[in-house]
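S.K.: just need the structure, nothing else, for what follows:
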Amino acid sequence: MNTMKTIKSKMNTLMLAIVSLLLITSCSNDDDNTPKDTNMVDVGEYNLYTESLGEGNHTLVFESGLGDDYEVWYQLLGLSEENQVIAYNRAGYAPSELANNDRDIIQLAEDLHQVILSKSQNDRVILVGHSLGGAVVRYYAVQHPEMVEALLFVDPSHEDFEVVTQVAEDAGVDFFLGEGRPEIANEYAQLIENFEILGNLEPLPDVPTIVLTSVRDRLEFPENAKRWIDSHASLEKGLSNFTQVITENSGHYIHVEEPQLVLEAIDFLLN
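M.R.: Numbering: from 1, shown residues only. This next block holds a predicted model:
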């Protein structure tokens with residue numbers, strides 16, 4: 001019961017935060033420097049739209065999956081009541097500007113680094129990554145361990161499970177271009193390269209780490225569910241504080257279907 005009260009309280013806070021943000025945006029429409037302008041982070045040849053809410057001793061940074069913008073994390077932004085929360089749109093996810101460079105996890109992690117340097121109020125951050133965003137967070141943590149306080153992976157992509165052929169990658173790129181989504185197509189075009197990069201990546205830095213693993217949509221084929229669990233469990237290598245939570249109550253989008261599980265994991269990392 002106490003957990004449910006806490007979740008309801010955080011959801012109420014979230015709604016207040018969203019209403020406040022909308023009011024600020026509405027009241028600023030006549031200004032030269034609109035919230036859209038001030039929220040843009042220059043990462044080089046393009047700008048990324050970034051939301052930064054709240055303040056505190058901890059900074060939470062959310063990295064979305066393929067095809068998702070920062071709004072997918074709305075059910076968790078109430079955490080800004082006591083912490084700084086940063087969520088942003090990768091290049092091409094409007095209103096972020098489209099990029100012309102290769103969109104592999106090396107570049108995505110570099111963009112993430114620039115967002116953190118520009119917006120974080122704290123020297124180290126807690127990174128939360130879903131799906132492809134989990135791969136980005138993983139690469140970033142290995143490259144910039146000094147910037148990382150803790151890690152939360154939400155059903156992250158993993159090279160030991162997912163196999164993408166060139167034919168499938170090309171078909172996906174063509175599909176998203178046909179749908180008028182070049183930002184997704186540009187990231188999809190790097191999936192094979194991403195898994196090669198991950199396969200050669202060093203272990204994670206020794207910081208508190210939680211991985212949330214969904215098996216609900218994989219239970220029809222138990223061998224696949226086990227491989228998915230095992231691939232996520234392999235992230236524990238070299239870590240002294242690692243927790244894996246397996247859920248059958250939500251699918252790939254745990255943070256949307258079962259946000260309380262993500263909130264509990266973040267609360268554990270914060271405390």
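S.K.: contacts for the helix or strand encompassing Asn186?
M.R.: Assigned by DSSP states H and E, Asn186 belongs to helix 182-188. Under the contact criterion Cβ atoms under 8 Å, 6 or more residues apart in numbering, helix 182-188 has outside partners 66-67, 90-93, 98-99, 103, 108, 132, 169, 172-177. C-betas here are computed from N, CA, C, even on glycine.
S.K.: which PyMOL command selects the buried ones in those?
M.R.: Below is the selection syntax for PyMOL that covers the buried ones among the contacts of helix 182-188, with 16 or more other Cβ atoms under 10 Å defining burial:
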select buried, resi 66+90+91+92+93+99+103+108+132+169+172+173+176
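S.K.: next, the buried residues of the helix holding Asn186.
M.R.: Along helix 182-188, the positions that meet the burial threshold by neighbour count (16+ other Cβ under 10 Å) are 183-188.
S.K.: go on, stretch 241-255?
M.R.: Result for stretch 241-255 [16+ other Cβ under 10 Å]: buried residues 242, 245, 247, 250-255.
S.K.: can you show me the helices along the stretch 51-200 of the chain?
M.R.: Taking DSSP state H, counting those that start in this stretch as the test, the helices found in the stretch 51-200 of the chain are 105-119, 132-143, 166-178, 182-188, 191-199.
S.K.: nearest to Glu220, out of these?
M.R.: Distances from Glu220 to each of the helices of the stretch 51-200 of the chain were compared by Cβ to Cβ, and the smallest falls on helix 166-178, at 21.0 Å.
S.K.: ok now the closest one, how far from the chain's centre?
M.R.: 23 Å (Cα atoms, centre = their mean, to the nearest Å).
S.K.: one more: stretch 66-78?
M.R.: Taking mean C-alpha positions (Cα atoms, centre = their mean), stretch 66-78 and its chain are 8 Å apart.
S.K.: sketch out the low-pLDDT regions of the stretch 1-150 of the chain for me.
M.R.: Scanning the stretch 1-150 of the chain for pLDDT under 70 picks out 1-36.
S.K.: how about the strands in it?
M.R.: Under the criterion DSSP state E, counting those that start in this stretch, the stretch 1-150 of the chain carries strands at the ranges 40-42, 47-53, 59-63, 84-88, 125-130, 148-154.
S.K.: would CSV of the helices of the stretch 51-200 of the chain with distance to Arg227 be doable?
M.R.: What follows is those, written out as CSV (distance: least, Cβ to Cβ, whole Å):
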stretch, distance to Arg227
helix 105-119, 21
helix 132-143, 16
helix 166-178, 18
helix 182-188, 22
helix 191-199, 15
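S.K.: point to the residue nearest the middle of this structure.
M.R.: The central residue of the chain, meaning the one whose C-alpha is nearest the mean C-alpha position (Cα atoms, centre = their mean), is Glu63 at 2.0 Å.
S.K.: you'd agree it is up against Ala135?
M.R.: No: contact status for Glu63 versus Ala135: not in contact, 9.1 Å apart, counting by Cβ atoms under 8 Å.
S.K.: list residues touching both of the two?
M.R.: Shared contacts of Glu63 and Ala135, counting by Cβ under 8 Å, 6+ apart, come down to Gly129.
S.K.: I'd like to know how far His252 sits from His113.
M.R.: His252 sits 26 Å away from His113, taking Cβ to Cβ, to the nearest Å as the criterion.
S.K.: brilliant, that's me finished.
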